[in-house]
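1. Pasting the sequence and the predicted model now:
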Amino acid sequence: MKAYTGKSVFGGIAIGKISVYKKNEHLIKRMKIHDADAEMERYKTARSEAILQLQGLYDKALKEVGEANAAIFEVHQMMLEDDDYNKSVENIVRNQEVNAEYAVAMTGDNFAQMFASMDDDYMRERAADVKDISERLITVLSGSEDSSADSKEPVIIVADDLAPSETVQLDKDMVLSFVTVHGSLNSHTAILARTMAIPALIGTPIPLDETVDGKLGIVDGITGIIYVDPDEDTLIEMQKKQAEETEKKNLLQTLKGRENVTLDGQKVMLYANIGNIKDLATVIQNDAGGIGLFRSEFIYLENDHYPTEEEQFQIYKKVAETMAGKRVIIRTLDIGADKQCDYFDMEHEENPALGYRAIRICLTRPEIFKTQLRALFRASAFGKIAIMYPMITSISEIKKIQEMVALVKAELNMEGIEHDNPEQGIMIETPAAAIISDELAKEVDFFSIGTNDLTQYTLAIDRQNTKLDEFYDPHHPAILRMISIVVENAHKAGIWAGICGELGADQSLTKEFLAMGVDELSVSPGSILPIRKIVLETNVEEYKAGK
């Protein structure tokens, strides 16, 4: 038996045959050509075919993993239409009089190196995307078939890495798990894996040869270990662990319909975080009490233009109607930092996490902000919508928001357009907001604590920098103390306070949050029932007494 340890992307236990997945290895030859025009026509035909393939992948991903995760294939299509990329290929073909395959390979390498050397994390990740589209073009040009992970039986796929296009093509019924040698926790592939609910490991130093291929394997997504050719004791232990995991999932289903109230009568709202309307089915399936964070920025990120008022209104209206009177908290536009949108035409920043993002964009581009607010207020007539503003640091920002809200309401009234008066809340995700939360609480209807950014800004650690993982401590006493202060200040002002960051789903802290008096936890849909179980089994006063 051999055991290899990686980083877990998604938990669970998978037991089955291992299949080593290898990409088609293209041997690119530099060939002299005599007709550059004909070669460029050949390239353009291949590019059109690649774009059609990507559209097919987008349509498939849309059905299986939702708009936010399918968006990568739209990005790849746009990259294939990028002038700089195409001009580079053409220059190499014409100036060096070489074949299109060689020109694409050279362009792909050059652009990937350029992106990989950039300071911005988002731009660095584009290096993998350039390699992916270049590989696709070369495959079409050479007349090869796409690499496939298809199998006649369910298998554990082991690979060097998996591009998003390869991951989405996996037949979920035939894939028990996947394990890769490379990859990052924040990559598109990791996000897709979590959405597809496939136990997965990345960064696993496992050989990709006959010592692994075809052997029985066990992926323990909980501990981050893959066992190859396990001994009998390990197999029995893991089969038992797998059965326990299945039993836990089945037991959780019995919690549907139960009120979120502790043994001593303390209630908490359990809401869901979502990125688009495709996620509504999982919200309802997991019995969420509402939506605590609808990330409206994906409406912008999935478009190649500023979404119109009507486009946004239809989306918000559908969410409100589907949730049938349950609270739907929609966060206003939050791009910038690691979420870049090309048509916003924002300048490069040395430190984008501390730069031009979220409410700062909205307040300095009022035409964008006003369009979104009009759509939100119009949609509020169709359900219980609440509006939440990100990255607030001062009272003056809230005052400016209130002025814009008043203007929008006055315009809608004058136009005779029906609307409600949705709750107005803010995210507490900067130390500044936490420290003056007693003053901020007087101006709004609720707080939602964004623990991801609050942790990053408080500890002065880039949460996407894997080199700093050992220093990144979301349980740091300063973070927990800030959360407690924010909740206390909210209650003093008579408003409620919730948590919508990743920490809200940390089951080791659920009792601590209940003891702080947190009113709402907004988490990924799959975390709702496990947290409800803890809530139902907790006596908060006893927990406080035992601390």
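-> Sure thing, it's come through. Numbering: from 1, shown residues only.
2. Can I take it that residue 18 is in a strand?
-> Yes. Counting by DSSP: H, G, I helix; E, B strand; the rest coil, residue 18 is part of a strand.
3. which residues does it bridge with?
-> With DSSP bridges as the criterion, residue 18 is bridged to residue 156.
4. and it, how many neighbours?
-> Residue 18 sits with 23 neighbouring residues when counted by other C-beta atoms under 10 Å. For every residue, glycine as well, the C-beta is placed using N, CA and C.
5. now do residue 203
-> 18.
6. I'd like the next helix or strand past the helix of greatest length in the chain.
-> Scanning the chain for the helix with the most residues, using DSSP state H, yields helix 36-80. Sequence order places helix 83-96 as the next helix or strand after helix 36-80, per DSSP states H and E.
7. Compute the inter-axis angle for that following helix and helix 36-80.
-> 160 degrees (axes from the mean of the first three to the mean of the last three C-alpha atoms, to 10 degrees).
8. Pass me the low-pLDDT residue ranges in the stretch 351-500 of the chain, would you?
-> Applying pLDDT under 70 to the stretch 351-500 of the chain flags residues 464.
9. for it, what spans make up the strands?
-> 385-389, 423-428, 446-449, 496-499 (DSSP state E, counting those that start in this stretch).
10. Make sure residue 293 is indeed in a helix.
-> No. Using three-state DSSP, the assignment for residue 293 is strand, not a helix.
11. That one reaches residue 274, doesn't it?
-> Yes. With contact defined as C-beta atoms under 8 Å, residue 293 counts as touching residue 274 (7.3 Å).
12. ok, how many other residues are close to the residue nearest to residue 366 when sequence neighbours are not counted?
-> In space, and not counting its chain neighbours, residue 366 is closest to residue 404: 6.6 Å by C-beta to C-beta, 6 or more residues apart in numbering. Residue 404 has 15 neighbouring residues, counting by other C-beta under 10 Å.
13. so residue 404 makes contact with residue 371?
-> No. Counting by C-beta under 8 Å, residue 404 stays clear of residue 371, with 11.1 Å between them.
14. Next one: residue 468 from residue 443, what distance?
-> To residue 443, residue 468 is 35 Å away according to C-beta to C-beta, to the nearest Å.
15. ok, residue 454 to residue 6 distance?
-> Applying C-beta to C-beta to residue 454 and residue 6 gives a distance of 29 Å.
16. Just want to know which of the two has more residues nearby.
-> Ranked by neighbour count (other C-beta under 10 Å), residue 454 and residue 6 place residue 454 first, with 26 against 21.
17. surely the more buried one meets residue 435?
-> No. Counting by C-beta under 8 Å, residue 454 sits too far from residue 435 to count as a contact (11.5 Å).
18. who's in contact with stretch 78-97?
-> 32-34, 36, 39-40, 43, 47, 50-51, 54, 98-100, 102-104, 106-107, 110-111, 129-130, 133, 137, 304 (C-beta atoms under 8 Å, 6 or more residues apart in numbering).
19. That one: which residues count as buried?
-> Neighbour counts over stretch 78-97 (16 or more other C-beta atoms under 10 Å) mark 79-80, 85-86, 88-90, 92-93 as buried.
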